[in-house]
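Participant: Generate coordinates for the sequence data below:
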Amino acid sequence: MQRPHPPLVVNTATPGASARVGTDSVPPPRSAPPLLPAGADDPVLKLDGLIGYYRADASPRPLDPKRPLTDGSPVPRLVDLSPAHHDGNAVGSPALYETPMINGLPALRFAGGWYQFPTLRGTTGAPTLFLVGKRLPPFDTGPNRLDSLHTYGSGWLLGESLRILSAESDTAGAVHAVRSTNGPRRVLQSFVNGYSYEVRRRDAVRPLTWEAPVLGSRDDGKDVFQGLLSTAIVCDAALSDRTLSDTCRRSAHCCRAELRP
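Facilitator: As a prediction, the model looks like this:
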């Protein structure tokens with residue numbers, strides 16, 4: 001009989017309290033099968049609340065003979081592989097397509113620009129995000145909105161007061177994830193390579209805002225990503241511990257190989 005999968009963390013914090021679970025370094029990725037090609041058998045497409053799924057090898061679609069991808073090609077549009085089709089448009093300098101960068105898979109090298117998603121919008125107030133790459137890519141659900149969820153330094157900030165830290169590396173890739181709950185218990189939790197890093201609760205935080213999210217920048221271009229991104233997954237649902245862990249494990253193989261500087 002298979003033993004039940006234990007929760008990643010049990011949150012017993014009182015409102016306003018926090019729990020640091022991680023260390024100051026990026027934990028090694030957990031073992032996982034190779035990431036499947038985006039298609040009917042891709043488990044990411046079955047995630048609850050999936051509203052955005054972006055991969056370097058699908059931006060634009062590499063099988064499109066009219067727009068073939070080669071090393072160094074600019075990527076003006078991020079193709080959404082989810083049924084929602086919330087494509088992202090480059091602002092400023094498009095990221096460059098490079099392969100092989102992460103364990104044989106391609107990645108996007110950001111160099112001064114970012115992507116905006118005019119139609120990407122959640123409704124539950126309880127998202128789960130996955131970002132696979134080198135360094136923690138900036139992301140903001142609502143630029144210039146006080147109640148957005150966004151990266152803040154080496155971590156995440158929900159609204160103006162609920163902040164948690166994450167781990168990042170300048171030399172190795174990682175699977176970054178963050179999950180927020182809605183309702184009377186407002187909990188924000190970060191994960192790195194499938195391991196819980198920090199969890200914090202603050203029930204007074206107002207509902208999360210979505211408005212033309214951006215990937216690769218914060219503060220209207222004042223904080224611009226300088227790193228590599230392989231995959232971004234956006235779910236409008238607070239995924240279970242088991243689902244979140246499984247998704248991190250499936251993506252972790254992207255980061256086993258050290259990324260080229």
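Participant: Run through who's touching stretch 44-54.
Facilitator: By Cβ atoms under 8 Å, 6 or more residues apart in numbering, the residues outside stretch 44-54 that reach it are 38-39, 78-84, 86, 88, 117, 120-122, 124, 127-128, 215, 231-237, 239, 243, 247, 250. In short, each C-beta sits where N, CA and C put it, glycine included.
Participant: can we see that at 6 Å?
Facilitator: Contact with stretch 44-54 is made by 78, 80-82, 84, 86, 120, 232-237, as judged by Cβ atoms under 6 Å, 6 or more residues apart in numbering.
Participant: which residues touch Glu159?
Facilitator: In this structure residue 159 is Gly, not Glu. Listed by Cβ under 6 Å, 6+ apart, the contact partners of Gly159 are 147, 205-206.
Participant: mind running it again at 10 Å?
Facilitator: Listed by Cβ atoms under 10 Å, 6 or more residues apart in numbering, the contact partners of Gly159 are 145-150, 186, 188, 202, 204-209.
Participant: what's the neighbour count on the residue nearest to it when sequence neighbours are not counted?
Facilitator: Nearest non-adjacent residue to Gly159, counting by Cβ to Cβ, 6 or more residues apart in numbering: Val205, 4.6 Å away. By other Cβ atoms under 10 Å, the residues close to Val205 number 20.
Participant: if I've got this straight, Val205 is in a strand?
Facilitator: No - applying DSSP: H, G, I helix; E, B strand; the rest coil, one finds Val205 to be coil, outside a strand.
Participant: For it, list the residues it contacts.
Facilitator: Counted by Cβ under 10 Å, 6+ apart, Val205 has contacts 125, 147, 149, 158-162, 180, 182, 186-188.
Participant: Ok, Ser154 next?
Facilitator: Going by Cβ under 10 Å, 6+ apart, Ser154 touches 24, 135-136, 165-168, 190.
Participant: Among the residues you listed, give me the pair with the biggest separation.
Facilitator: The most widely separated members of those are Asp24 and Arg135, with 15.5 Å between them, by Cβ to Cβ.
Participant: Who has more neighbours out of these two?
Facilitator: Arg135 (22 against 8).
Participant: is it true that the more buried one touches Ser169?
Facilitator: Yes - Arg135 lies in contact with Ser169 (Cβ atoms under 10 Å); the separation is 7.2 Å.
Participant: Run through the stretch 51-200 of the chain and note the low-pLDDT ranges.
Facilitator: Residue ranges of the stretch 51-200 of the chain with pLDDT under 70: 59-68, 100-104, 170-171.
Participant: ranges for the strands of it?
Facilitator: Applying DSSP state E, counting those that start in this stretch to the stretch 51-200 of the chain gives strands spanning 74-75, 77-78, 88-91, 95-102, 105-109, 114-116, 128-134, 139-140, 149-151, 155-158, 162-165, 173-180, 187-192, 195-201.
Participant: how far does stretch 107-114 stretch from start to finish?
Facilitator: End-to-end distance of stretch 107-114 (Cα to Cα, to the nearest Å): 14 Å.
Participant: Now do the buried residues in that stretch.
Facilitator: Within stretch 107-114, the residues that qualify as buried are 107-111, 113-114, counting by 16 or more other Cβ atoms under 10 Å.
Participant: Switch the residues you listed over to CSV; also include distance to Pro43.
Facilitator: Shown next, in CSV, are these (distance: Cβ to Cβ, whole Å):
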residue, distance to Pro43
Ala107, 21
Leu108, 22
Arg109, 27
Phe110, 27
Ala111, 32
Gly113, 31
Trp114, 28
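Participant: if we take those residues, which one ends up nearest to Tyr195?
Facilitator: Nearest to Tyr195 among those, with distances taken as Cβ to Cβ, is Ala107, at 22.2 Å.
Participant: if I look at the closest one, how far off is Trp210?
Facilitator: Separation of Ala107 from Trp210 (Cβ to Cβ, to the nearest Å) stands at 26 Å.
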